[in-house]
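> Any chance you could fold what I've pasted below:
(2 chains)
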There are 2 protein chains.
Amino acid sequence: MVSHDTISTPDVRDRGFQRLLYVDDAWEKFVEALDTVSLSVEDVSISASLINRVLAEDIVSPISIPPFARAAMDGYAVKAEDTFGASNTNPKKLEIVGNVDIGDVPSVVVVSGTAVKITTGAPIPEGANAVVMVEDTEKQDSYISILAPVTPGKNLAQQGEDVKKGDVVLRKGTILRPADLALLKAIGLQKISVIRQPKIGVLSTGDELVDNATELSPAKIIDSNRIMLKAQILEDGGIPVDYGIARDDPDEIKQRLEQALHECDAVLVSGGTSVGPKDFLPRIIEELGKPGLIVHGVAIGPGRPVALGVINKKPIILLPGYPVAAFLNYELFAFPLLKLLQSVFYSKRPRDKIKARLNRRVSSKPGQRDFIRVQLSEEGQNLIASVITRRGAGVLTSLTRADALLIVPEDVEGIEEGTEVELELVRYF
Amino acid sequence: MVSHDTISTPDVRDRGFQRLLYVDDAWEKFVEALDTVSLSVEDVSISASLINRVLAEDIVSPISIPPFARAAMDGYAVKAEDTFGASNTNPKKLEIVGNVDIGDVPSVVVVSGTAVKITTGAPIPEGANAVVMVEDTEKQDSYISILAPVTPGKNLAQQGEDVKKGDVVLRKGTILRPADLALLKAIGLQKISVIRQPKIGVLSTGDELVDNATELSPAKIIDSNRIMLKAQILEDGGIPVDYGIARDDPDEIKQRLEQALHECDAVLVSGGTSVGPKDFLPRIIEELGKPGLIVHGVAIGPGRPVALGVINKKPIILLPGYPVAAFLNYELFAFPLLKLLQSVFYSKRPRDKIKARLNRRVSSKPGQRDFIRVQLSEEGQNLIASVITRRGAGVLTSLTRADALLIVPEDVEGIEEGTEVELELVRYF
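You can find the predicted model right below:
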């Protein structure tokens, strides 16, 4: 039923799957088949709600920040040379010829023998090259005694210290964070080009699924995957589009998928991905278009039946119906897909990790990557990782109760109790 | 000008500030003065957009999940006792009396000597207590040969394995994440009570500030703090309300603050918090109401002039005008305030930390907590933390270029080059 000619590498056998791909190999094949995907660009006004949007252009600053040299201390703007040798016993006396406050344009010029009173943040008047702190001075009428010397450049911020006119301050592909927005604002931009937010279709399949408690009957369960996936998509900067629940009917599924692929940039389907009699999805993907099914079966636990496809350049991810499996496969494949669609520039940043001691032995299937949910607690100076034991792919509370993930690599069979392990703090835990 | 009778502890002197409080002491005083703050509750329909909202009630499940025992494998539902002793050489023969698919209500009962064909996820028919995997069977007409024994409970998920009817599945004060929404949906809820989102007023003060490049003139700079603070508030689940830029005029500032305090749950002001001639803010807070100014001056670098006040039970935070100082003080005081206002239940989770080697010596002021911005890079197996050297409180690019924060505690004077340090991955880096 399912073409496996593209599936190779690890010699891990599983019911119905000839071979399972390793996570990294699966992702690589998927990206290769996607070829070039990129969304269009839109010009938008700068506002706080642009957090998590992705820059579509390098940003070159049209101005310097600060735009003028400014005082970093309250005190007196002077020529540094006038203060050389000054001390408590040998004060240097300068005439106060003016006052510059924050927001003022200095009209006075500092010449040798003179000083200008200045406030932190105010522009340095012409002629001055340093600021003497008010604590190092003594005022007498219109004169100031300097009690300590300053070097040129002391106690002031040079023009362009933060940003120089013409600097590239943010790169194309940057995910905008609050401080980035502040920088865009500070350099005087009003509009920027960002990548359009990807529309991601979400469809559940299964005769057992209903949408609400009112429709529940024996043998039925409420579909909880769509609301979870839509929330994940929202957090990752996509726009979720809900295609509801399709019965286990190939024609119905096919029709909804065609609509979703037409209207969206990518589609996530949950359920029907395995190799049972009602697992139509992999075959439907083959029928919908080229290149079709790219990966079916990945060596992870839970979540092996995941499948990745491409239809006329649009990516489609088939997630297993069990909620924990759907969640993890979203993290592994849909999250990076959303970044890829938005052309996010990946600086290779290490992920958030933390170390803790295992409270019990963990066994793991060799040849697959296992994702063990743990709770964290403190025991004296030690951090303890308690393995959540009810951890089937269907046990949603194993996710809601978890603080972190222990990822057991493909070449590890088990980890002993008491071992210090490195955990990944997944965003959603 | 400023009452310091509430300020004590560390013997750190700074221009104009008598004494600076340690961060933790400042926060404690602030919380004490706030007394009880809590926002009202609202009933909302469950939807994906509830991510990051805070539960206002314990959630008790009205149903069990799964609502019925279900098969965890494709195979045959049997009485386990019928399979005891089964092997390849000694198969046990059972009559196939029916078939249960996903979504079906089983009409058949399994009695001794019979088996029912079953699909993963389908309800276990009455009488059966285990599932034999299809791989361990051989079919002959209407009979099945069992080739391996199963124990009771094997290959099935018990009713209530995930959630038992009556279980408290989520606690009041929980910040809702995608998997939590899935759980609420799965147990059949349509509406839940959540805490109202706090409205947070944002005001900038300063004669040097303008809002746009078109208004720029010599000695003026564009206010970038409001857009940054509004983005931070949005990310933290608050609703930012913009009160614009106030001139350095006590009456104007006072009037805007009165309006903001009337309309919002808390107010953030940036600028005018220090002890210079135009730093009106601390005095205005004292005039606006009781208890007034609680903290003025905290032993951190950058950001010492921060002040915390309470006016008629509404919190107000005075942030220094320099953007890096404003950003960090938001993280230290406004972020936990937003959580406090929403009655977030704090499970004491360790923050995301990472270790790296310092690329150069870092000096730090003893008696204050220093926040050093660093960039991370890999050098072979080592992670290197490169200190961003242009790191004044006004240097916004020290934030936009940073990957992490090195936090130097109050009792440390400096850290040598090459030392392995622990870094905090702040959300926004």
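> which residues are in contact with the lengthiest helix in chain A?
In chain A, taking DSSP state H as the definition, the longest helix is helix A:250-263. With C-beta atoms under 8 Å, 6 or more residues apart in numbering or on different chains as the test, helix A:250-263 has contacts from A:199, A:201, A:203, A:205, A:241, A:243-244, A:246-247, A:267, A:269, A:272, A:280-281, A:283-284, A:287-288, A:311-312, A:314, A:316. C-beta coordinates here come from the backbone N, C-alpha and C atoms, glycine included.
> list the buried ones in it?
For helix A:250-263, burial by neighbour count (16 or more other C-beta atoms under 10 Å in any protein chain shown) applies to A:Pro250, A:Ile253, A:Lys254, A:Arg256, A:Leu257, A:Ala260, A:Leu261.
> Skipping its backbone neighbours, what lies nearest the last one in space?
Using C-beta to C-beta, 6 or more residues apart in numbering or on different chains and skipping residues adjacent in sequence, the residue nearest A:Leu261 is A:Lys314, 5.2 Å away.
> quick one: the one you found from A:Trp27, how far?
According to C-beta to C-beta, to the nearest Å, A:Lys314 stands 17 Å off from A:Trp27.
> Report the secondary structure state of A:Asn29.
If you look again at residue A:29, you'll see it is Lys, not Asn. helix (DSSP: H, G, I helix; E, B strand; the rest coil).
> So it is in contact with A:Val295, correct?
Yes. If you go by C-beta atoms under 8 Å, A:Lys29 and A:Val295 touch, sitting 5.6 Å apart.
> Looking at the two, which has the bigger crowd around it?
A:Val295 (24 against 18; other C-beta atoms under 10 Å in any protein chain shown).
> what pLDDT does the more buried one get?
A:Val295 carries a pLDDT value of 95.
> mind listing which of the contacts of helix A:250-263 are in helices?
Per DSSP H, the subset of these in helices is A:Leu281, A:Arg283, A:Ile284, A:Glu287, A:Leu288.
> The fourth one - nearest residue in space that isn't next to it in sequence?
Excluding the flanking residues, the one nearest A:Glu287 by C-beta to C-beta, 6+ apart is A:Lys254, at 7.1 Å.
> go on, the last one?
Take A:Leu288 and drop its neighbours on the chain: the residue closest to it by C-beta to C-beta, 6+ apart is A:Ile311, 4.8 Å away.
> same thing with the first one?
Nearest in space to A:Leu281, with sequence neighbours left out and distances taken as C-beta to C-beta, 6+ apart, is A:Gly272 at 4.3 Å.
> The one you found contacts A:Glu208, correct?
No. Between A:Gly272 and A:Glu208 there is no contact under C-beta under 8 Å: 11.2 Å.
> Those two: which is more packed in?
Between A:Gly272 and A:Glu208, A:Gly272 has the larger neighbour count (other C-beta under 10 Å), namely 27 against 23.
> now that one: how far from B:Met73?
Distance, A:Gly272 to B:Met73, using C-beta to C-beta: 17 Å.
> Likewise for A:Gly301?
15 Å.
> which parts of the stretch 201-350 of chain A sit against chain B?
For the stretch 201-350 of chain A, the contact set with chain B under C-beta under 8 Å from any C-beta of the partner chain comprises A:206-209, A:212-213, A:216-225, A:227-235, A:240, A:248, A:274, A:276-278, A:321, A:323, A:327, A:347-350.
> The stretch 1-150 of chain A too?
Contact residues, the stretch 1-150 of chain A versus chain B (C-beta under 8 Å from any C-beta): A:15, A:46-51, A:62-63, A:65-68, A:72, A:74, A:101-106, A:119-123, A:133, A:135.
> among the residues you listed, which are in strands?
The members of the residues of the stretch 1-150 of chain A next to chain B that map onto strands under DSSP state E are A:Met133.
> Report the buried members of the residues of the stretch 1-150 of chain A next to chain B.
Members of these classed as buried by 16+ other C-beta under 10 Å are A:48, A:50-51, A:63, A:65-68, A:72, A:74, A:101-104, A:106, A:119-123, A:133.
> Does the lowest-mean-pLDDT helix or strand in chain A reach chain B?
Ranked by mean pLDDT, DSSP states H and E, the helix or strand of chain A with the weakest confidence is helix A:397-400, at a mean of 80. Yes. Residues of helix A:397-400 contacting chain B under C-beta under 8 Å from any C-beta: A:Thr397, A:Leu399, A:Thr400.
> Show me which of the residues you listed is closest to chain B.
A:Leu399 (4.0 Å; C-beta to the nearest C-beta).
> Please give the element, helix or strand, for the nearest residue to the closest one once chain neighbours are set aside.
Nearest non-adjacent residue to A:Leu399, counting by C-beta to C-beta, 6+ apart: B:Ala179, 4.0 Å away. If you go by DSSP states H and E, B:Ala179 is part of helix B:178-186.
> How about A:Glu32?
Taking DSSP H and E as the definition, A:Glu32 sits inside helix A:23-34.
> Give me the distance between that helix and the centre of its chain.
Centroid displacement of helix A:23-34 relative to its chain, using C-alpha atoms, centre = their mean, to the nearest Å, is 21 Å.
> That one - contacts with which helices or strands?
strand A:291-296, strand A:307-311, helix A:335-341 (3 or more C-beta pairs under 8 Å, 6 or more residues apart in numbering or on different chains; DSSP states H and E).
> change it to 10 Å
strand A:291-296, strand A:307-311, strand A:314-319, helix A:335-341 (3 or more C-beta pairs under 10 Å, 6 or more residues apart in numbering or on different chains; DSSP states H and E).
> Mind putting those into TSV with distance to B:Thr151?
Formatted as TSV, the helices and strands packed on helix A:23-34 follow (distance: least, C-beta to C-beta, whole Å):
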stretch	distance to B:Thr151
strand A:291-296	32
strand A:307-311	33
strand A:314-319	31
helix A:335-341	39
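> Identify whichever of those lies nearest to A:Ser87.
The closest of those to A:Ser87 is helix A:335-341. By C-beta to C-beta, the value is 60.2 Å.
> Go through the closest one and flag the buried ones.
Neighbour counts over helix A:335-341 (16+ other C-beta under 10 Å) mark A:Phe335, A:Pro336, A:Leu337, A:Leu338, A:Lys339, A:Leu340, A:Leu341 as buried.
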